[in-house]
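*Asks:* Mind looking at a prediction? Sequence and model below.
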Amino acid sequence: MVARTALVALAALTVGAQAHQVFNHPSVWGLKTSLENPLNQGTKNWFCAGQKPHTGKGKLQIRAGQTLSVPVTCGEAVGNPDNAVQICSNDINGFHGGGGCALSITSKQNPTIDDFTVFSVAAKCPDLGRKVPFQIPANLPAGEYVCSWSWIPNPQNAAAEYYENCFDCSVVSDVKGTVTGGIKLRDHVFGVPGFPSDNQEGRLYKNAFKNGAQKIEVSGGGAPVPPVTTQTGHSTRKPRSSSTKAHSSTKEHSSTKPTHTAEPTQEPTENPEPTAEPTVEPTAEPTAEPTAEPTAEPTAEPTTPPKKCHKNKDRA
């Protein structure tokens, strides 16, 4: 009985010694408890933990400009991330004192380590089975990608180890384009064949990166164009309005000068009116009065008296 109890205790210690950390999401390629194991210099097919591409379930949705909270837990909590804090509390040493975790991305569906660009780092990661918040760059373009979670543990609590899980992801964003620049993950791989295994303290992600969203470069797209077009339209209109004012003010000044020149020209034209008045009045008055008066009076007076004379003679 005592021997059996000792064997159970030894098994528990063995499990505790093997318990490390894993990106605990269904989209992880080949998700299982053994993915918690570190990738070290003696590991074969270390890239993406040696898992075949696209063997996870679904895709992890990432929203540009927001915070993504994901479970980083011990392997025993795989498939049960909501209870990870309780499940992993028996293996505090498995967190190796944190050290910081990174998320990387590539548009290639069968990538190599050279294809990944780091886009977010969480300095407090792992965090005893709790969900870890990752801040996402606002200019991360929309699309279907392959993502990577990686972790270098604190050298005070771990050997020269490196952890990495790959998973399918999709980005929801108003930005269109392709990630063409940024910090390459290949420059921050540690403790595996072909990569550095010294200065572990300096290579911790919490020391090598700033905490939060990382700077990335995007080409072939960018922010929506309409606001830029609208601003251009306003900026185009302003010069037109100012030029109109300039022309109108110029016309005012130029028209003011010709107005003085035109007024003298019109004044002589208006001054002949007095010339026209005397021309009409003298011509009309002498012609109408002398012609009408002498013609009417002499004709009427001599015609009437003779008739009267004839009538008197007849009466006599």
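*Replies:* Noted; the coordinates are in hand. Just so it is clear, the model here is predicted, and its values are computed rather than measured.

*Asks:* would you list every one of the strands in the stretch 101-250 of the chain?
*Replies:* Taking DSSP state E, counting those that start in this stretch, the strands of the stretch 101-250 of the chain run over residues 101-106, 117-122, 131-135, 143-151, 163-172, 176-181, 183-184, 212-213, 217-222.

*Asks:* Same list, these, but as CSV with mean pLDDT and mean neighbour count please.
*Replies:* (C-beta placed from N, C-alpha, C; glycine too.) Below are the strands of the stretch 101-250 of the chain laid out as CSV (pLDDT from 0 to 100; neighbours: other C-beta atoms under 10 Å):
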stretch, mean pLDDT, mean neighbour count
strand 101-106, 98, 26
strand 117-122, 98, 24
strand 131-135, 97, 19
strand 143-151, 97, 23
strand 163-172, 97, 23
strand 176-181, 96, 15
strand 183-184, 98, 17
strand 212-213, 98, 18
strand 217-222, 82, 14
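
*Asks:* Could you pull up phi and psi at Gln86?
*Replies:* phi -70, psi -40 (degrees, to the nearest 10).

*Asks:* Any figure for the gap between it and Glu76?
*Replies:* For Gln86, the distance to Glu76 (C-beta to C-beta, to the nearest Å) stands at 11 Å.

*Asks:* so where's this structure uncertain?
*Replies:* 1-19, 41-45, 221-316 (pLDDT under 70).

*Asks:* Show me how it divides into domains.
*Replies:* 17-226, 283-316 (automatic domain parsing).

*Asks:* re earlier: out of Gln86 and Glu76, which sits in the more crowded spot?
*Replies:* Ranked by neighbour count (other C-beta atoms under 10 Å), Gln86 and Glu76 place Glu76 first, with 21 against 11.

*Asks:* rewinding a little: just say which of the domains of the chain is most tucked in.
*Replies:* Of all the domains of the chain, domain 17-226 carries the top mean neighbour count, a mean of 19, counting by mean count of other C-beta atoms under 10 Å.

*Asks:* for stretch 198-217, how far is the first residue from the last?
*Replies:* This stretch, stretch 198-217, spans 30 Å end to end (C-alpha to C-alpha, to the nearest Å).

*Asks:* Please apply the same query to stretch 108-127.
*Replies:* First-to-last distance for stretch 108-127 - C-alpha to C-alpha - comes to 30 Å.
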